[in-house]
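Visitor: Curious how this folds, go ahead:
(one chain, ligands or ions: 2)
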Amino acid sequence: MPSFEEQIRAIEEEIRRTPYNKATQHHIGRLKAKIARLKEEAEKRAQASGGARPGYSIRKGGDATVVLVGFPSVGKSTLLNQLTNAESEVGSYDFTTLRVVPGMMEYEGARIQVLDVPGIVHGAASGRGRGREVIGVMRSADLVLFVIDVFNLEQYRVLAGELYNAGMRLDARPRDVKIKRKARGGLTISSTVELRKIDEKTVKAILAEYRLHNADVIFREDATPDEFLDVLTGNRVYVPSVVALNKVDLVKEDYLAEVRKEIPEFIPISAEEGTNLEELRRAIYRKLDFIRVYMKPQGEKADLEEPMVVMRGSTIADICDRLHRDFRPKLPLRPHLGQVRKVRRPAGRAGARPRGRGHREYRHQEVTLGGLT
Ligand SMILES: Nc1nc2c(ncn2[C@@H]2O[C@H](COP(=O)(O)OP(=O)(O)O)[C@@H](O)[C@H]2O)c(=O)[nH]1
Ligand SMILES: [Mg+2]
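Guide: Ligands and ions are numbered 1, 2, ... in the order given. The predicted model follows:
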């Protein structure tokens, strides 16, 4: 029996050889589902054999966690030292950072943990030893900060590909597709919108690969076969990202126009000279999409001095966990923050914004949480 890796590679090869069109869509969909299943299987096996669990290693600190992703020697340690209070070893040779170095960056009242992890290099996502641990740390981050060398722009595509293979979906959100498993009754596939990217045959082929023969599937949004598979596997993480293009002190201004053709959105910085770091901090802060929560003890005025800073999508239970560990069980609801009724929203409507819509000012998004005792 060939190893999981060999099987996956053989299927990937077949996908590469097959032209993608209407007639082959279901076939390719099935092959992709097969790869997804093999990966899940490999992951289970690795965990059972006592391997490190993804996400086990770093305790989360602060209000959010940012992970630096970049090739060796692009300036991650230098940047971490500039952005945070950490002391990360800086070297002019590869692989200086051998373990995870955390630092804390404070910005607009938010405490943001920044992690410098051992460089992921090509193939880390295939999940061996240290690669698995690194991927685990990446997956549990709230934001990915790519650090790209100004002279090696292809690094961006390579790294983004690695993270994609590790089940991370950057600056995206899951498609609105519901899959309800049933005990019997066969498959029902329906949609409230016209499906242009996927056909029924492909949906069925993918479900068959997952041995799903009884289910109701509703598409409330068009989805590619890959996006449908993402919903089906359910183990994808959706994380925002920021690209820092480092060492721009070594190039002229007009070079950056060339870069824009390669990388659509980036922030040019020089970690060494400390150039443009304020803009980078700001971009990180904005993408993290914080909300301020003001506490209002029962029968008293809200405390407007010290809000709690949380990310959008946090639940009441998350907040209670941070307040006191006995709080949570008494609460009947776990609504998303955006659904919290009332209260103080001086600017913008909390929760009204679909993810990944570019920039806006979120500083004033505030919620008061009443009735706390
Ligand atoms: N010219 C220039 N050199 C930099 C910059 N940032 C880092 N370096 C240098 O690049 C080398 C590698 O930096 P390091 O932070 O150790 O990279 P890491 O391996 O990604 O952690 C060191 O010699 C740094 O001094 C920068 O913005 N400009
Ligand atoms: Mg380093």
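
Visitor: Going by C-alpha atoms from here, please, whenever you check contacts or count neighbours.
Guide: OK.

Visitor: Would you mind listing what in the stretch 201-350 of the chain touches ligand 1?
Guide: Contact residues, the stretch 201-350 of the chain versus ligand 1 (CA under 6 Å from any ligand atom): N246, K247, D249, L250, S270, A271, E272.

Visitor: what are the bridge partners for the first one, then?
Guide: To tie it back to what came earlier, the one meant is N246. D149 (DSSP bridges).

Visitor: now do the fifth one
Guide: In this entry, S270 is beta-bridged to T275, by DSSP bridges.

Visitor: ok, it - contacts?
Guide: By CA atoms under 8 Å, 6 or more residues apart in numbering, the contact list for S270 reads N246, K247, V248, D249, N276, L277.

Visitor: So which of those is the closest to ligand 2?
Guide: Using CA to the ion, the shortest approach to ligand 2 within these belongs to N246, at 13.5 Å.

Visitor: can I assume that closest one is in contact with F151?
Guide: No: the criterion here is CA atoms under 8 Å, and N246 misses it with F151 at 9.2 Å.

Visitor: okay, those two: which has more neighbours?
Guide: Neighbour count, other CA atoms under 10 Å: between N246 and F151, N246 has more, with 25 against 15.

Visitor: Wasn't V310 part of a strand?
Guide: Yes: counting by DSSP: H, G, I helix; E, B strand; the rest coil, V310 is located in a strand.

Visitor: As a check, name the ranges of all helices in this protein.
Guide: Chain-ordered helices for the chain, with DSSP state H as the definition, fall at 4-17, 25-48, 76-83, 129-139, 154-165, 200-209, 225-233, 255-262, 277-288, 316-323.

Visitor: in this protein, which segments are predicted with low confidence?
Guide: Counting by pLDDT under 70, the chain shows low-confidence ranges at 49-60, 88-99, 118-131, 297-298, 324-373.

Visitor: Can you flag the buried ones in the residues of the stretch 201-350 of the chain next to ligand 1?
Guide: Using 16 or more other CA atoms under 10 Å as the burial test, these include N246, K247, D249, S270, A271 as buried.

Visitor: Most widely separated two among those?
Guide: Spatial extent of those (CA to CA) is set by the pair D249 and A271 at 9.2 Å.

Visitor: From E200, how far off is the closest residue to M168 other than its chain neighbours?
Guide: Leaving aside its sequence neighbours, M168 sits nearest to V237 (CA to CA, 6 or more residues apart in numbering; 5.0 Å). Using CA to CA, to the nearest Å, one obtains 26 Å as the distance from V237 to E200.

Visitor: More neighbours: these two, which one.
Guide: Neighbour totals were compared for V237 and E200, and V237 leads with 21 against 12 (other CA under 10 Å).

Visitor: In contact with the more buried one: list those residues for me.
Guide: Contacts of V237 (CA under 8 Å, 6+ apart): R139, G167, M168, R169.

Visitor: same check, this time on K252
Guide: Taking CA under 8 Å, 6+ apart, one finds nothing in contact with K252.

Visitor: now swap in E87 and tell me
Guide: Residues in contact with E87 (CA under 8 Å, 6+ apart) are L80, N81, G103.

Visitor: at 6 Å what do you get?
Guide: N81 (CA atoms under 6 Å, 6 or more residues apart in numbering).

Visitor: Leaving out the residues flanking it, which one is nearest to the spatially most central residue of the chain?
Guide: Centroid-nearest residue in the chain: V239, 2.0 Å away (criterion: CA atoms, centre = their mean). Spatial nearest neighbour of V239, excluding adjacent residues (CA to CA, 6+ apart): L170 at 5.0 Å.

Visitor: Where does the stretch 201-350 of the chain get nearest to ligand 2, which residue?
Guide: A271 (12.3 Å).

Visitor: you'd agree that residue is up against L79?
Guide: Yes: contact criterion CA atoms under 6 Å: A271 and L79 qualify, at 5.0 Å.

Visitor: overlap in contacts of those two?
Guide: Joint contacts of A271 and L79 (CA under 6 Å, 6+ apart) do not exist.

Visitor: circling back to that earlier point, if I look at the residue nearest to the centre of the chain, how far off is L163?
Guide: The gap separating V239 from L163 is 10 Å, by CA to CA.
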